[in-house]
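Enquirer: I'd like to go over a predicted model; first the sequence, then the structure.
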Amino acid sequence: MYDLPDVVDVQSDGPIRIITLNRPDALNAVNDDLHTGLARLWPRLGDDREARVAVLTGAGRAFSAGGDFAYLAELSRDSQLRAKTIAHGRDIVLGMARCRVPVIAAVNGPAVGLGCSLVALSDIAYIAETAYLKDPHVQVGLVAADGGPLTWPLHTSLLLAKEYALTGAKIEAARAREMGLVNHVVADPLSEALACAKRILELPRQAVESTKRLLNLHLERAVLATLDFATTAEDLSFQTEDFRAVIGKLTAGKE
């Protein structure tokens, strides 16, 4: 659906849209196709008047392993690709914040980098007992322009947001629930997310969509206060020697 790259699979179940990050062999790591597809997805979902709720998950063992190392290395060299990616990152963040359709995350495995951000920007999140969140931008020398620091201070304390954003430490499922970064730790997040979607379908549409918009006005205001600085800083960090050294080691390790 929606004329998106195959790596963003959208299926219809009546008024429910099941969105799957679909690079299972790469643990749904984000490459150019996946990033572009996510940027295009949210306005198209909003324009789909038959859609009333969406479930977002990952194919295979992961929700998303974060940025594909080869893609990240290319971003440091190609200024045009970097400019497109930075713009698309902004589109993903604002697209999710402004999307009229409630989005329920079914975090079936590790949600790293942009995967972690997608969870933070969702409206309700179910996470598998063995899954975890992690925003490792700083660990590779990047500013998290579309990452946890944009939204975590709304979900948890500023001190906790700083701890995990500044260290890139893993947040196990139970800890994520304790911090308020997810709603529920469950054995089968996709089944639970679909059950939640069906409960939402039983409620009056205008009330649901307007209530989501009311709540997300807080989110959008916070994002807009920081997003311009964040994207500029991330663009600069792609060009630093620190980033190039780290990503060089990571890509060498993949060869």
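Expert: Yes, it's here.
Enquirer: quick one, helices of the stretch 1-150 of the chain?
Expert: For the stretch 1-150 of the chain, applying DSSP state H, counting those that start in this stretch gives helices covering 32-47, 69-77, 79-98, 114-121, 148-155.
Enquirer: Compile these into CSV and extend it with columns for mean pLDDT, distance to Phe63 and mean neighbour count.
Expert: (Glycine included, C-beta is placed from N, CA and C.) Converted to CSV, these look like this (pLDDT from 0 to 100; distance: least, Cβ to Cβ, whole Å; neighbours: other Cβ atoms under 10 Å):
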stretch, mean pLDDT, distance to Phe63, mean neighbour count
helix 32-47, 98, 12, 20
helix 69-77, 95, 18, 19
helix 79-98, 96, 15, 18
helix 114-121, 96, 5, 27
helix 148-155, 90, 14, 21
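Enquirer: would JSON lines of those helices with distance to Thr226 be doable?
Expert: Listed next are those as JSON lines, based on distance: least, Cβ to Cβ, whole Å:
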{"stretch": "helix 32-47", "distance to Thr226": "19"}
{"stretch": "helix 69-77", "distance to Thr226": "21"}
{"stretch": "helix 79-98", "distance to Thr226": "10"}
{"stretch": "helix 114-121", "distance to Thr226": "13"}
{"stretch": "helix 148-155", "distance to Thr226": "6"}
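Enquirer: Between helix 69-77 and the helix or strand encompassing Phe243, find me the angle.
Expert: Secondary structure assignment for Phe243, by DSSP states H and E: helix 241-254. Going by axes from the mean of the first three to the mean of the last three Cα atoms, to 10 degrees, helix 241-254 is angled at 150 degrees with respect to helix 69-77.
Enquirer: Just the buried positions in helix 241-254, please.
Expert: By neighbour count on 16 or more other Cβ atoms under 10 Å, the buried set for helix 241-254 is Phe243, Val246, Ile247.
Enquirer: Could you do stretch 19-28 as well?
Expert: Here stretch 19-28 shows Ile19, Thr20, Leu21, Asn22, Arg23, Ala26, Leu27, Asn28 as buried, counting by 16+ other Cβ under 10 Å.
Enquirer: So the second one versus Val143, what's the distance?
Expert: What that stands for is Thr20. 29 Å (Cβ to Cβ, to the nearest Å).
Enquirer: Now do the contacts for the most centrally placed residue in the chain.
Expert: The centroid of the chain falls nearest to Leu118 when counting by Cα atoms, centre = their mean (1.7 Å). Contacts for Leu118 (Cβ atoms under 8 Å, 6 or more residues apart in numbering) come out as Leu38, Leu56, Phe63, Ser64, Ile92, Met96, Ala105, Ala111.
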